[in-house]
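Chemist: fold the following for me, if possible:
(one chain, ligands or ions: 1)
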Amino acid sequence: MTEKPTTPNNPSDKTCSHCQSTALTIGVSVGLSAETGWIGLKYKDGRLFLGTEPFLAEVCGSCGHIERLYVSNPNHKWTIQDKSKTP
Ligand SMILES: [Zn+2]
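Modeler: Residues are numbered from 1 along each chain as shown. Here you go, the predicted structure:
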């Protein structure tokens with residue numbers, strides 16, 4: 001009786017920009033192979049709270065193309081590297 005299959009991770013309106021497949025998987029965590037952490041964007045909300053917002057990815061299940069990288073919360077105060085200081 002369902003008109004559309006419920007596939008929250010695979011909305012049918014998105015297609016791979018490389019092969020036009022609709023087999024995109026959305027919200028894939030981007031991690032390290034040893035599973036000791038994840039790759040993400042550093043932020044500093046407030047004075048002391050440092051964190052890392054993990055990357056999420058949309059991956060084409062047909063050709064393996066990564067459609068985009070994004071974060072779920074774009075509202076952090078991102079840590080910007082100060083290039084005026086010499087490390
Ligand atoms: Zn593809």
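
Chemist: and the protein, which residues reach the ion?
Modeler: Remark: the part of the chain in contact with the ion comprises 16, 18-19, 21, 60, 62-63, 65, using CB under 5 Å from the ion. C-beta: built from backbone N, CA, C; applies to glycine.

Chemist: specify the beta-bridge partners of residue 51.
Modeler: The residues paired with residue 51 through beta bridges, assigned by DSSP bridges, are residue 43.

Chemist: what is the burial count for it?
Modeler: 14 (other CB atoms under 10 Å).

Chemist: likewise residue 82?
Modeler: A total of 7 residues lie near residue 82 under the criterion other CB under 10 Å.

Chemist: for the nearest residue to residue 70 once chain neighbours are set aside, which residues are in contact?
Modeler: For residue 70, ignoring the flanking residues on the chain, the nearest one in space by CB to CB, 6 or more residues apart in numbering is residue 56 at 5.6 Å. For residue 56, the contacting residues are 26-30, 69-72, by CB atoms under 8 Å, 6 or more residues apart in numbering.
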